[in-house]
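Chemist: any chance you can model this:
(chains A and B)
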2 protein chains.
Amino acid sequence: MTQHLFDQAIALTAQPDNHFSGHTSPAYANMVGPFGGITAAQALNAVLQHPQLLGEPVSLTVNFAAALADGPFDVVARPARTNRSTQHWMVEFFQAGQTVLTATVFTATRRETWGLDDEPLPVVPPPDQVAPPARQAPMPFVQRYELRPVTGDMPSVWDGSGSSSSLSQLWVRDNPPRPLDFAALSAMADIFFPRVFIRRAKSVPVGTVTMTVYFHADSEQLKATGSGYLLAQARAQVFRNGYFDHTAQLWNEAGVLLATTHQIVYYKE
Amino acid sequence: MTQHLFDQAIALTAQPDNHFSGHTSPAYANMVGPFGGITAAQALNAVLQHPQLLGEPVSLTVNFAAALADGPFDVVARPARTNRSTQHWMVEFFQAGQTVLTATVFTATRRETWGLDDEPLPVVPPPDQVAPPARQAPMPFVQRYELRPVTGDMPSVWDGSGSSSSLSQLWVRDNPPRPLDFAALSAMADIFFPRVFIRRAKSVPVGTVTMTVYFHADSEQLKATGSGYLLAQARAQVFRNGYFDHTAQLWNEAGVLLATTHQIVYYKE
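Modeler: Presented below is the predicted three-dimensional model:
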């Protein structure tokens, strides 16, 4: 069986002393350089592959320090602190001796406790009743996902009119389908096109600077999600002087909120 | 003039090679160890004090790797990557040779661009029409803030009944008042009592594990805010298996959204 393109893309080769080597994936290329989601998944994967890993991911913050050049990169993933049931990681990517990414990861062994979802799955039609996008963006990574935009899709007319809301909701899964895991969820947390496009209906240079993902599900809940769709919802809060944020959620079809995520995106003009 | 307790608390002494030394502040003590907000402000301050700083903070992620012991700590703040107008920082706190905090900070020189607030100031009574809390929590840091809870205050009866909503809104400023800056804003981003208390009306052990702050204002906008109140609003999204998150916003009285922030909090039972 051929390995899924996602697994090929995030593969890292272990090296001595907390080092790993990786390679950007043409299959997950964006306009310039790789899709940020795949880079986030690679950063998380360094922790997941590390022999000293304790528990499962609870949070991930990835800072995109420079555009990754197509080609190889070096990874250092260091357990900065290991407690009884929790662990704090620092991750750094290097190309040509320069830092191109920094990340921190928090992992923990989780125990069953009282719980409650405060953000229910929005009322939306199921994925099989939602059509794929009318137009497909030309970047290779977009073909790696099945997208079913429910509301707030990419503008169809770029006339500067803009939408009155920055809310987008879409169903998403890997293409071809692949059982969900933490790495795939990290990548899908970055699936949203830039909120500035929907609000302005104007194409301006953009780039995610930092993204945080909170994992509310353990591996069993991800396994139960299988290769089903996730409902991904994002909304901007502020656009100001070159940077905007968005806050986002990802539920599975059963309505379990698997992850919440936030990012800051640079924009020009 | 005596220095404000906040400035005393976040003071760091520069040491060679990206090192600083700091000290926990009894004035900002929490139940056990320091108020997380003051620790976050200290982490940011290491970057703000660093001679190589470029621009102003845009994002801060602080990971509380272990409870800080009362006493001195060592800080390493390293500019991992410096671009033309942006910079990525890695910060680490040590006590007794062990990592107790990790952080990443993104700074940038900002330019005026198109902008828009997507999250307006909620309709709430102004601070002078809101009474201070009926009961004051016993932790010293609480006395360092003037609090005017609008909605979702700490439960008055701890009978396990819980509120149907995890939303809290409160006006907050330093006590005594102090002109707002990035460090103070970082601390206030952690002003919310744990969402699990409001949802359960039950006291369980808790501790913030990681917090991210996005700064949407530059120093001029903070200056314009002066020593006025901020409206702080927080809402949980998920409580599950030992960890819950919250997503929060901080506006000034003029309605400018100054910061958005998120955190993951550990809870027992």
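Chemist: how about the residues of the stretch 151-269 of chain A that lie near chain B?
Modeler: A:165-166, A:199-200, A:209-210, A:212, A:214, A:216-218, A:235-243, A:245, A:247, A:249, A:257, A:260, A:262, A:264, A:266-269 (Cβ under 8 Å from any Cβ of the partner chain). Just so you know, the C-beta spots here come from the backbone N, C-alpha and C atoms, and that holds for glycine as well.
Chemist: among the residues you listed, name the buried ones.
Modeler: Among these, those that count as buried by neighbour count (16 or more other Cβ atoms under 10 Å in any protein chain shown) are A:166, A:199-200, A:209-210, A:212, A:214, A:216-218, A:235-243, A:245, A:247, A:249, A:257, A:260, A:262, A:264, A:266-267.
Chemist: for residue A:27, what are its contacts?
Modeler: A:5, A:8-9, A:140-141, A:144 (Cβ atoms under 8 Å, 6 or more residues apart in numbering or on different chains).
Chemist: circling back to that earlier point, could you tell me which of the residues of the stretch 151-269 of chain A next to chain B belong to strands?
Modeler: By the criterion of DSSP state E, membership of those in strands covers A:209-210, A:212, A:214, A:235-240, A:243, A:245, A:247, A:249, A:257, A:260, A:262, A:264, A:266-267.
Chemist: for chain A, what's the longest helix?
Modeler: Ordering each helix of chain A by length in residues (DSSP state H) puts helix A:36-48 first.
Chemist: if you count contacts, what does that helix end up packed against?
Modeler: Packing contacts for helix A:36-48, counted by 3 or more Cβ pairs under 8 Å, 6 or more residues apart in numbering or on different chains; DSSP states H and E, involve helix A:5-10, strand A:19-23, strand A:56-64, strand A:72-82, strand A:86-95, strand A:98-108, helix A:182-188, strand A:206-215.
Chemist: just the residues contacting it, thanks.
Modeler: With contact meaning Cβ under 8 Å, 6+ apart, helix A:36-48 is reached by A:6, A:9-12, A:20, A:22, A:25, A:28, A:30, A:53, A:57, A:60, A:62, A:64, A:68, A:75, A:77, A:89, A:91, A:93, A:101, A:103, A:105, A:107, A:141, A:182-184, A:186-191, A:208, A:211, A:213.
Chemist: list only those of the residues you listed flagged as buried.
Modeler: Under a neighbour-count criterion of 16+ other Cβ under 10 Å, the subset of those counted as buried comprises A:6, A:9-12, A:20, A:22, A:25, A:28, A:30, A:53, A:57, A:60, A:62, A:64, A:68, A:75, A:77, A:89, A:91, A:93, A:101, A:103, A:105, A:107, A:141, A:182-184, A:186-191, A:208, A:211, A:213.
Chemist: report the secondary structure state of the residue nearest to residue A:202 when sequence neighbours are not counted.
Modeler: On the basis of Cβ to Cβ, 6 or more residues apart in numbering or on different chains, the spatially nearest residue to residue A:202 that is not a chain neighbour turns out to be residue A:160, at 4.9 Å. Assigned by DSSP: H, G, I helix; E, B strand; the rest coil, the conformation of residue A:160 is coil.
Chemist: do you know how far residue A:160 is from chain B?
Modeler: 10 Å (Cβ to the nearest Cβ, to the nearest Å).
Chemist: how many other residues sit next to that residue?
Modeler: The burial count assigned to residue A:160 is 10, neighbours taken as other Cβ atoms under 10 Å in any protein chain shown.
Chemist: list the beta-bridge partners for the closest residue to residue A:182 other than its chain neighbours.
Modeler: Nearest-residue entry for residue A:182: residue A:57, 5.0 Å, with adjacent residues in sequence omitted and distances by Cβ to Cβ, 6+ apart. Judged by DSSP bridges, the bridge partners of residue A:57 are residue A:107.
Chemist: so residue A:57 makes contact with residue A:106?
Modeler: Yes - here residue A:57 lies in contact with residue A:106, judged by Cβ atoms under 8 Å, at a distance of 7.4 Å.
Chemist: could you dump stretch A:9-24 to CSV, C-alpha only?
Modeler: Coordinates of the C-alpha atoms in stretch A:9-24 are reproduced here as CSV (Å, rounded to 0.1, in the frame of the first residue of the first chain):
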residue,chain,number,x,y,z
ALA,A,9,5.0,15.1,3.8
ILE,A,10,5.3,15.0,7.6
ALA,A,11,8.0,12.2,7.7
LEU,A,12,11.1,13.1,9.7
THR,A,13,14.3,11.2,10.0
ALA,A,14,15.6,11.0,13.6
GLN,A,15,19.2,12.2,14.1
PRO,A,16,21.2,12.2,17.3
ASP,A,17,20.7,14.7,20.2
ASN,A,18,17.0,15.8,19.7
HIS,A,19,17.6,16.5,16.0
PHE,A,20,15.4,15.4,13.1
SER,A,21,15.7,16.1,9.4
GLY,A,22,12.7,16.9,7.2
HIS,A,23,11.9,18.1,3.7
THR,A,24,9.2,20.4,2.3
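Chemist: what comes into contact with that stretch?
Modeler: The set of residues external to stretch A:9-24 that reach it, using Cβ under 8 Å, 6+ apart, is A:25, A:27-28, A:33-34, A:38, A:41-42, A:45-46, A:49-50, A:68-78, A:93, A:183.
Chemist: what of stretch A:153-173?
Modeler: When contacts are defined by Cβ under 8 Å, 6+ apart, stretch A:153-173 is touched by residues A:122, A:124, A:127, A:130, A:133-135, A:137, A:145-152, A:188, A:191-193, A:195, A:197-203, A:227-236, A:246, B:118.
Chemist: which ones among those lie within helices?
Modeler: The subset of these that ends up in helices is A:188, A:195, A:197-200, with DSSP H as the criterion.
Chemist: okay if I get these as JSON lines plus pLDDT?
Modeler: Compiled in JSON lines, those are given as follows (pLDDT from 0 to 100):
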{"residue": "A:188", "pLDDT": "98"}
{"residue": "A:195", "pLDDT": "96"}
{"residue": "A:197", "pLDDT": "95"}
{"residue": "A:198", "pLDDT": "95"}
{"residue": "A:199", "pLDDT": "94"}
{"residue": "A:200", "pLDDT": "95"}
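Chemist: as JSON lines, those residues with distance to residue A:172 would be great.
Modeler: Below are those laid out as JSON lines (distance: Cβ to Cβ, whole Å):
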{"residue": "A:188", "distance to residue A:172": "6"}
{"residue": "A:195", "distance to residue A:172": "16"}
{"residue": "A:197", "distance to residue A:172": "17"}
{"residue": "A:198", "distance to residue A:172": "16"}
{"residue": "A:199", "distance to residue A:172": "21"}
{"residue": "A:200", "distance to residue A:172": "23"}
